[in-house]
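Just need the structure, nothing else, for what follows:
(one chain, ligands or ions: 2)
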Amino acid sequence: MDHFEYRDGVLYGEDVPLPRIADEFGTPCYVYSRATLARHFRAYTEALGSHPHLICYAVKANSNLAVLGLLARMGAGFDIVSVGELERVLAAGGDPARVVFSGVAKQEAEMARALEAGIKCFNVESRPELERLDAVAARLGMVAPVSLRVNPDVDAGTHPYISTGLKDNKFGIPVDGALAAYELAAELPHLKVVGLDCHIGSQLTELSPFLDALDRLLVLLERLRERGIEVEHLDLGGGLGVPYRHEHPPAPFDYATALLERLSRWPGSERLTLLFEPGRSIAANAGVLLTRVEFLKPGETRNFAIVDAGMNDLIRPSLYQAWQAILPVDTRRPRDTATYDVVGPVCETGDFLGKDRDLAIAADDLLAVRSAGAYGFVMASNYNSRPRPPEVMVDGDRVHLVRRRERLEDLWAGEALLPDDEGEAR
Ligand SMILES: Cc1ncc(COP(=O)(O)O)c(C=O)c1O
Ligand SMILES: N[C@@H](CCCC[NH3+])C(=O)O
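Ligands and ions are numbered 1, 2, ... in the order given. You can find the predicted model right below:
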């Protein structure tokens, strides 16, 4: 259940009819539900109950300040992958002591800023990164808390572009080399080993890859213990899938219960703080992308519904052939049903939001693309010089504009013409 439902034939976000939002803010427009975000976050904390834990929301999924601020107030930590995400978390009132920093290419300045801000942990992804972090911490006269992101080589069974825990992927330290990397970390004077981490991929719909990864991490923890290296926390990353169409991913409760059960066989597990880095499972179904039909264009082989949102606004269908439901917002007016490719204004054949959709629509109707709260706005671009859409949060019957539509002049902010004397003559 989420908070986007039909009432008397009109799609609502919480208690707000979506046509009201289109009238006020125009289309395309992202709409998020505060209640859904909060409910998805609570599903994790309630599932983990009294076991020591920290839910570090993956900022990359949806980094709007209002989303981060809401989760921060609920006690969330954050998983960041850049200094930009760190600054967003801080601007939203997030607690730096609850931030973990993932990513394969952390720059020295990013490390320094995160150290000064006092983050909880760096999730280190390679040996050279350990050395770089030690050097940066030494320069600042600090000690950096580290966890090694281990690549457990399990098949997450997801789209190849969003699988991260295989030997072939760029992420993490291969599990076979992890002991030696931990020994290096323990020797480096400006690092303190605090955790062990993995993240095997995104949109996982089965429990078994998570449990396989946990088993491999527990073997490694045992080896570390034998060498006198104890960690305070175990970070199992994000990756829990959501229902976009026919998928039936485990609920956070079942996921956490299965992991806790497996973990309980490990001596001392009750003292091990569990970290999770969920992004999609918190944000995806808390958002829709509202768009308006510009034209219906019947064709010999296909019918096109041309809408005002394109791949620059929501790239998942084009990039991963992802399927997201597309719903008419107002079903009260009689319409003929036809099968459409729902396409955008961008000059690319790959610019589509959905293919072969049976829809009863007419020009000027509003559509809602569901499950757009994660990896939606954050992946939007200005391709074709299109301003990025606004973001709106509904909260009961209230509507908050949480990011205005970009203005045309925002499109060239920071750009410069060549000085006069360097024109065409050369
Ligand atoms: C290190 C890390 N943590 C967490 C996430 C969040 O993943 P998801 O949105 O699938 O929960 C990702 C993205 O895949 C990631 O790379
Ligand atoms: N952007 C991807 C998920 C990437 C996960 C980040 N490691 C998606 O929309 O499915």
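
Not counting residues beside it along the chain, what's closest to the most centrally placed residue in the chain?
Ranked by distance to the mean C-alpha position of the chain (Cα atoms, centre = their mean), the top residue is Ala61 at 1.8 Å. The shortest distance from Ala61 to any residue other than its chain neighbours is 2.9 Å, reached at Gly279 (Cβ to Cβ, 6 or more residues apart in numbering). Any C-beta I mention is one placed from the backbone N, CA and C, and that applies to glycine too.

Pass me the low-pLDDT residue ranges in the chain, would you?
Along the chain, the model assigns pLDDT under 70 to residues 1, 159-166, 421-426.

Note down every partner strand of the longest strand along it and its orientation.
The strand that spans the most residues within the chain, counting by DSSP state E, is strand 287-297. Paired with strand 287-297 in the same sheet, following DSSP bridges, are strand 29-33 (antiparallel), strand 303-307 (antiparallel), strand 366-369 (antiparallel).

Any idea which of those gets closest to ligand 2?
strand 366-369 (13.0 Å; Cβ to the nearest ligand atom).

Determine how far the closest one lies from the middle of the whole chain.
In terms of Cα atoms, centre = their mean, to the nearest Å, the centre of strand 366-369 is set 22 Å apart from its chain centre.

any idea which helix or strand comes after it?
strand 391-395 (DSSP states H and E).

What segments of the stretch 151-300 of the chain are strands?
173-174, 191-197, 233-235, 273-276, 287-297 (DSSP state E, counting those that start in this stretch).

What residues does the protein have near ligand 2?
By Cβ under 6 Å from any ligand atom, the residues of the chain that approach ligand 2 are Lys60, Ile162, Ser202, Gln203, Arg316, Tyr320, Tyr375.

Can you say which of these are buried?
Those of those that meet the buried threshold are Lys60, Ile162, Ser202, Gln203, Arg316, Tyr375, by 16 or more other Cβ atoms under 10 Å.

Verify the stated contact: the third one with Thr158.
Translated: Ser202. Yes: using Cβ atoms under 8 Å, Ser202 is in contact with Thr158, at 6.3 Å.

on that earlier part again, for the residue nearest to the centre of the chain, list the residues it contacts.
Contacts for Ala61 were tallied using Cβ atoms under 8 Å, 6 or more residues apart in numbering; they are Gly279, Arg280, Ile282, Ala283, Ala284, Gly373, Ala374, Tyr375, Val378.

again with Pro389
Contacts of Pro389 by Cβ under 8 Å, 6+ apart are Thr27, Pro28, Cys29, Tyr30, Leu289, Ala309, Asp313, Phe377, Ala380, Arg405.
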